[in-house]
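> sequence first, predicted model second:
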Amino acid sequence: MIPPVPGDKITLRCVQPEDRDFARWLYATTRRAEMAMLPWAPELKETFLAQQFQAQWDDYWRRFAGGTHHIVEVDGRMAGRLFVDRREDEILIVDITLAPEFRGGGLGTRLVETIQREAATTGKSVIGHVECNNRACSFWRKMGFAFTRSDGVYFEILWSAVPV
C-alpha cells in the first residue's frame, strides 16, 4: 500500500472516455467481498459487474449531468473518482471511490475536507449516502457527518459548518 502523504500532488481532472476501463475496474473493487460470497463462475461475476457498472455510470451521468465528474490522481497515478453535484443550498457527494492502495491513507480525508471548506465558505451543507453495512460509515462519522435517516440500505449523511 502506498498511501498519499501531505506532500503528494493531488489532482482532479475531468473524466475522459479513455477513463472508462479504470472506472469499471474501480467499481469492481468495491464489490469484491460481495462477489467472493457468490458461487457464480468468474465469467458470470465479470458480466454482472460490467452490467452493474454500466447502469450506475449511465445513471450518474444522466441524473447529475451538471455535476463535476473527476478522476482523482496522486502524483500522476489514477487513484479514484469523485463525482459532486453542487446545488443552490447544498453540495452532494454523489460518489467518492478510491483504489484499494489509496484507501486508509488520508486521501479521502483530504478530498472531503476540501469539499467541507468549500461548503463552509459558501454557506452550504454537504450531503451524501453510504450503504448501511459499509465500513466507510466510520470514516463519515470521523469527518463530522451526521447520519440523518436510513431506508434500510443507505444512510443519508449530512455535514454543516453551522450546527443543525
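Cool, the structure landed. Residues are numbered from 1 along each chain as shown.

> going forward, measure contacts between C-alpha atoms and count neighbours the same way
Fine.

> okay, now the unreliable bits of this structure?
1-7, 163-164 (pLDDT under 70).

> helix or strand for the residue nearest the centre of it, which one?
Centroid-nearest residue in the chain: residue 96, 1.2 Å away (criterion: CA atoms, centre = their mean). Using DSSP states H and E, residue 96 falls within strand 90-98.

> now that strand: how far from the chain's centre is it?
Its chain's C-alpha centre and that of strand 90-98 lie 5 Å apart, by CA atoms, centre = their mean, to the nearest Å.

> from the contact counts, what lies against the helix or strand just after that strand?
Beyond strand 90-98 on the C-terminal side, the first helix or strand identified by DSSP H and E is helix 107-122. Secondary-structure packing of helix 107-122 (3 or more CA pairs under 8 Å, 6 or more residues apart in numbering; DSSP states H and E): strand 90-98, strand 125-131, strand 154-160.

> residue 20: neighbour count?
For residue 20, the count of nearby residues is 13 (other CA atoms under 10 Å).

> what's the helix or strand harbouring it packed up against?
Per DSSP H and E: residue 20 is located in helix 20-29. Applying 3+ CA pairs under 8 Å, 6+ apart, one finds that helix 20-29 contacts helix 42-63, strand 77-86, strand 90-98.

> repeat that for 6 Å
Applying 3 or more CA pairs under 6 Å, 6 or more residues apart in numbering; DSSP states H and E, one finds that helix 20-29 contacts no other helix or strand.

> surely residue 132 is in contact with residue 157?
No. Taking contacts as CA atoms under 6 Å, residue 132 lies outside contact range of residue 157: 10.9 Å.

> just want to know which of these two has more residues nearby.
The residue with more neighbours, out of residue 132 and residue 157, is residue 157; 22 against 15, by other CA under 10 Å.

> which residue, other than its chain neighbours, is closest to the more buried one?
Counting by CA to CA, 6 or more residues apart in numbering, the nearest residue to residue 157 once its immediate chain neighbours are dropped is residue 147, at 4.6 Å.

> which of the residues in the helix or strand where the one you found lies are buried?
Residue 147 belongs to strand 146-150 when assigned by DSSP H and E. Within strand 146-150, the residues scored as buried using 16 or more other CA atoms under 10 Å are 146, 147.

> distance of residue 112 relative to residue 136?
13 Å (CA to CA, to the nearest Å).
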